[in-house]
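Enquirer: quick one, structure for this:
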Amino acid sequence: MERYEETKSLRDYLAILRRRKWPMLLIAALVFTVGVVVALTLPPVYRSTGMVLVESQDVPQELIRSTAGSYVARRIDALARNVMTRANLLKVIERHDLYAESRKRQPVETIVAQMRKKIELKTISGDGRKVGKRRAGEAVAFELSFEHTDPAVAQRVTEELISMFISENVKQRTRRASEATSFLSREVERLEGQLADVEGKIAEFKQKNVGKLPELAQMNLRNIEGTRRTLDSISRELRSLEERRYYLQGQLAQTKPHAAVRDDEGRMVLEKEDRLRVLRSEYESALSLYDSSHPDVKRLKREIEALERERGRSSSVGARRAPDNPAYISLQTQLRAVNSDINSLRSQRQKLRATIAEYERKLEATPQVEREYTTLLRDRDSILKSYQETRAKLRRAQMAQELEQESKGERLTVLESPQLPQNPVKPNRPAIMFLGLLLSLACAVAYAAIAEALSSTINSRHDLIRMMGEPPLGVVPYIKVK
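Expert: Below you'll find the model as predicted:
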């Protein structure tokens, strides 16, 4: 048999309300009363808010760039982390005697976490809400709020927190500028040491490879060309002097070393050799005319023999006799001068050849020297570039540090001081009461639904169908009897 089901109608729900109205009203009244009591008994919470403007530095950033960075929102978050540390918040709590009762029962970490929840930091972008007159450059602001049940305490704590933000900002910026200056100073000193070291290596390398450096290669080539031209000129001069020497030697061989001797009558006295040649010539002529027994032939023969004996005796003495012929002496002097010039030029030629060989040796060594020298120069240039960049950064950091010390850098300015709150921001009593009303109605309806579900009483045709699974044959209406 199929089970018959029937949905409830509006009349059924109204019947339920009529049957359960008094319990529902009681439950709703109780819940609503609790909500009203809660709304009225919750302590008021006051919020004090101050606005702080982040002003740009007075000097344009094109001239001096701050060392504190450019992302203001990130710096504000960093400030908040440094300000709202456990130690700082504990000092504020103790100074203003916050959460006195809670401190007796709860650990310090819980109290600090509770205070952090009461602090609200809201960053205001420069392209959003206007935060006052803009100064040079872009600026942003942030709002700092603190909530407390005592409005005066909320104001004082907010003022102290803002003061801590401003103080921490000055401290951080000064410290960062000082740290940047110190770091860059150490870097400059380190790079100066490296630069001096590599300059020393370059100087030592130059001294060790004098004349082999690549920048001297063209000069070495020009020196080789000039030396070769000088060598060619000396060679030509040598050839000319050697020809001159051969000529003088020929002239000297044809010139008698001793001058002719004359007798008292001025006639030239022949030398022994000349006389001997003349006598031999006369002797040959006489033999051709006479026989050997002829007196003239005998006389000539005796004279020749006597002259030969005399020549033999005087040959050793004559060899030691110094030349006295001026022409011979002049030729000798010229020949000695030519020989001296030849020897000098040969010495110069040898030196020039050695010089050319030395230049060529330097040129051959230049490629290897150039590789090592280029490496040293590259290292020097790299260190020098880093040194110059670091020096420029150090100068900027020093100017930025002076900027911070003179309070001309980016700074925090109180735009709106925290005011004494007049009205509480919490709790929203009407909203709590309204929620209590909704909750009371929900509880009443829930009670009625649960009661109907658990009840076994048959109050309607629907209940009978639910129990029997079949519709009734008929329904007798309720008859009110007097």
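
Enquirer: where exactly do the helices run in this structure?
Expert: Under the criterion DSSP state H, the chain contains helices at 10-41, 72-83, 86-96, 100-105, 108-118, 151-208, 217-253, 272-289, 295-319, 326-405, 429-454, 461-468.

Enquirer: low-confidence regions, the stretch 351-482 of the chain specifically.
Expert: 403-410, 452-453, 455-482 (pLDDT under 70).

Enquirer: one more time with 90, if that's ok
Expert: Low-confidence segments of the stretch 351-482 of the chain (pLDDT under 90): 352-353, 355-377, 392-416, 421-434, 436-437, 439-482.

Enquirer: before we move on, the earlier item: how about the helices of the chain in TSV, adding mean neighbour count?
Expert: All C-beta spots, glycine's among them, are computed from the backbone N, C-alpha and C. Formatted as TSV, the helices of the chain follow (neighbours: other C-beta atoms under 10 Å):
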stretch	mean neighbour count
helix 10-41	14
helix 72-83	17
helix 86-96	15
helix 100-105	10
helix 108-118	14
helix 151-208	16
helix 217-253	14
helix 272-289	14
helix 295-319	12
helix 326-405	15
helix 429-454	14
helix 461-468	15
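
Enquirer: identify whichever of those lies nearest to Ser417.
Expert: helix 151-208 (7.2 Å; C-beta to C-beta).

Enquirer: ok, Arg244 touching Asn339?
Expert: No. Proximity of Arg244 to Asn339 does not meet the contact threshold set by C-beta atoms under 8 Å, at 10.2 Å.

Enquirer: if we can go back for a sec, distance to Gln419 for the helices of the chain - can I get that in a markdown table?
Expert: Output for the helices of the chain, formatted as a markdown table (distance: least, C-beta to C-beta, whole Å):
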| stretch | distance to Gln419 |
| --- | --- |
| helix 10-41 | 26 |
| helix 72-83 | 21 |
| helix 86-96 | 17 |
| helix 100-105 | 25 |
| helix 108-118 | 17 |
| helix 151-208 | 7 |
| helix 217-253 | 83 |
| helix 272-289 | 148 |
| helix 295-319 | 140 |
| helix 326-405 | 31 |
| helix 429-454 | 23 |
| helix 461-468 | 64 |
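
Enquirer: what's the closest non-adjacent residue to Leu420?
Expert: Leaving aside its sequence neighbours, Leu420 sits nearest to Gln155 (C-beta to C-beta, 6 or more residues apart in numbering; 5.0 Å).

Enquirer: kindly report the same for Asn423.
Expert: Using C-beta to C-beta, 6+ apart and skipping residues adjacent in sequence, the residue nearest Asn423 is Tyr46, 7.9 Å away.

Enquirer: contacting residues around that neighbour?
Expert: For Tyr46, the residues meeting the contact criterion (C-beta atoms under 8 Å, 6 or more residues apart in numbering) are Glu147, His148, Thr149, Asp150, Pro151, Ala154, Pro421, Asn423, Pro424, Val425.

Enquirer: let's see 7 Å
Expert: Residues near Tyr46 by C-beta atoms under 7 Å, 6 or more residues apart in numbering: Glu147, His148, Pro151, Ala154, Pro421, Pro424, Val425.

Enquirer: put the buried members of the residues you listed into a ChimeraX selection.
Expert: For anyone working in ChimeraX, the buried entries among those, judged by 16 or more other C-beta atoms under 10 Å, can be selected with:
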select :147,148,151,154,421,424
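
Enquirer: give me the subset of the contacts of Tyr46 lying in strands.
Expert: Among the contacts of Tyr46, the subset assigned to strands under DSSP state E consists of Glu147, His148.

Enquirer: Glu160: which of the contacts of Tyr46 is nearest?
Expert: If you rank these by distance to Glu160 using C-beta to C-beta, Ala154 comes first, at 11.1 Å.
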